[in-house]
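[1] compute the structure for the input listed below.
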Amino acid sequence: MIEKVNPSHPDKIMDRIGGAIVDLAYKKSDNPKIAVEGLIGHGICHIIIETSEKFSKKEIEEIVKRIGGNVKLNLKVVKQDKYLAKNQEKFIKCGDNGIFKGVPLTKEEIKLSKIARSIYKEYPYDGKYILDNKKLIICQSHVDSKILKNKYKGIINPLGDWIGGIDVDTGAINRKLGSDMGASVTGGGLHGKDLSKADVSLNIYAFLKAQKENKIVKISCAIGDYLVDNKLYSEIVEIAKNYIKKIGGFEKFAEWGLF
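    Predicted coordinates for the structure are as follows:
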């Protein structure tokens, strides 16, 4: 049983904004420290950024308007806490405590991901999709439900045709972890953070290791660890960095998560 939401769902819009801000941080520095929290909906976007980098309001406004449309920005940018900053002074070390779990993807999860991406390619608007064994539920906005009913056997737009988007619903960063991670969900979210954060690098690392070894991978870490899973944490960060680079950056990563 799995649910996917597409990149135009309000929560994913906010994830994408967070990802784009992290992409911007990496343009300013090779090793930035950043954490983005945000909420968007009904004409306004609230963003708090804790970071080692300097951002202008104009830079963030450009990102918000490109992804979220014509909304008012309420922005707060603060320096990263000095004790957290000190943790990374000499070595790349684990940026937080956490537990992480990588789980091999099931045929069901892969199938729904393909369905969601196929629908979104034709209708790039707010939508969510569920597959529970043979039970398929499709809620896709900006499309005549009859069109989808002719193509898919399942429950299609049970309340009828709809519009959706951030004028109907709000979106928050890292709220759709099940859609992003499948059964690998444990604690921290993937989006709006630099690679020193375990929530990003260790979640990616555990997921990739689980797919490669075809078994569940469980990892825990403490803030300041420089060895995790018998590897230098800097090596794990590099694995995650290459993965992000391969898919096109943090904003692109935020579109669909890990699968």
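[2] and the strands in the stretch 1-150 of the chain?
    Here the stretch 1-150 of the chain has its strands, by DSSP state E, counting those that start in this stretch, at 2-5, 34-41, 44-51, 72-79, 98-102, 127-132, 135-140.
[3] so which of those strands comes closest to Glu109?
    Of all these, strand 2-5 sits nearest to Glu109, with 4.8 Å by Cβ to Cβ. Yep, even glycine has a C-beta here, placed from its N, CA and C like the rest.
[4] what's around Phe259, how many residues?
    Here the count is done by other Cβ atoms under 10 Å, and Phe259 has 17 residues near it.
[5] Ser52 too?
    For Ser52, the count of nearby residues is 17 (other Cβ under 10 Å).
[6] still on that earlier bit, including mean neighbour count, could the strands of the stretch 1-150 of the chain go into TSV?
    Formatted as TSV, the strands of the stretch 1-150 of the chain follow (neighbours: other Cβ atoms under 10 Å):
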stretch	mean neighbour count
strand 2-5	22
strand 34-41	22
strand 44-51	20
strand 72-79	13
strand 98-102	21
strand 127-132	20
strand 135-140	19
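[7] who's in contact with Glu37?
    Counting by Cβ atoms under 8 Å, 6 or more residues apart in numbering, Glu37 makes contact with Ile47, Ile48, Ile49, Ile173, Gly192.
[8] check contacts around the closest residue to the last one other than its chain neighbours.
    Of all residues beyond its chain neighbours, the one nearest Gly192 is Gly18 (3.0 Å), with distances taken as Cβ to Cβ, 6 or more residues apart in numbering. Gly18 makes contacts with Val36, Gly38, Ile173, Asn174, His191, Gly192, Phe250, Ala254, as judged by Cβ under 8 Å, 6+ apart.
[9] please list only the buried members of those residues.
    When those are checked for burial by 16 or more other Cβ atoms under 10 Å, the buried set is Val36, Gly38, Ile173, Asn174, His191, Gly192, Phe250, Ala254.
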